[in-house]
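K.L.:
okay, here's the prediction I keep looking at, along with the sequence it came from:
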Amino acid sequence: MSIYVGNLSYDVAEADLSSVFAEYGSVKRVQLPTDRETGRPRGFGFVEMGTDAEEAAAIEALDGAEWMGRDLKVNKAKPREDRGSSFGGGGGGRRNNNFSRS
C-alpha cells in the first residue's frame with residue numbers, strides 16, 4: 001500500500017519527505033513525480049512504509065498538518081486508473097474521404 005501526499009511545496013525533496021514520515025516507521029520508498037516538460041515537482045508525492053500500522057499512524061498524524069507553509073493532504077493512495085493507450089486514443093487509419101471519383 002502507498003500513501004498519497006498532496007499540497008506539497010515545490011521545494012520539497014525526497015529526503016525531506018522521507019525524514020518526516022520516518023518519525024512514524026520505516027520508509028521503504030518515496031516518489032515525487034515531476035512535470036515532463038518543465039522537470040518541476042508536481043506538488044504531490046507517494047510514500048511507502050514498512051507496515052500498514054505505520055502507514056495508518058502517519059496518515060492520522062500528518063493529514064491536515066502544516067509543513068513548509070502548506071497544509072498537507074495525506075491519505076491512502078488510490079490505484080492508478082487505466083487511461084488506455086499512451087497515444088491519446090482515436091485516430092487510427094484516417095482516410096481522406098473528400099475526393100470524387102470520375
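P.N.:
Good, I have the coordinates. Numbering: from 1, shown residues only.

K.L.:
contacts only, for the residue nearest in space to the middle of the chain.
P.N.:
Averaging the C-alpha coordinates of the chain gives a centre point, and the residue nearest to it by Cα atoms, centre = their mean is residue 45 (4.4 Å). The contact partners of residue 45, by Cβ atoms under 8 Å, 6 or more residues apart in numbering, come to 4, 5, 8, 12, 14, 17, 30, 31, 32, 33. In short, each C-beta sits where N, CA and C put it, glycine included.

K.L.:
in strands, which of those residues fall?
P.N.:
Mapping those onto strands (DSSP state E) picks out 4, 5, 30, 31.

K.L.:
and the last one, how many neighbours does it have?
P.N.:
Think residue 31. Around residue 31 there are 14 other residues, counting by other Cβ atoms under 10 Å.

K.L.:
any idea of the mean pLDDT in the lengthiest helix in the chain?
P.N.:
Of all the segments assigned as helix in the chain under DSSP state H, the longest by residue count is helix 52-62. Per-residue pLDDT values across helix 52-62 average out to 97.

K.L.:
what's the first-to-last distance across stretch 17-25?
P.N.:
End-to-end distance for stretch 17-25: 13 Å, by Cα to Cα, to the nearest Å.

K.L.:
next up, the contacts around the residue nearest to the residue nearest to the centre of the chain when sequence neighbours are not counted.
P.N.:
Spatial nearest neighbour of residue 45, chain neighbours left out: residue 32 (4.4 Å); criterion: Cβ to Cβ, 6 or more residues apart in numbering. Each residue near residue 32 by Cβ under 8 Å, 6+ apart is listed here: 8, 12, 13, 14, 17, 41, 42, 44, 45.
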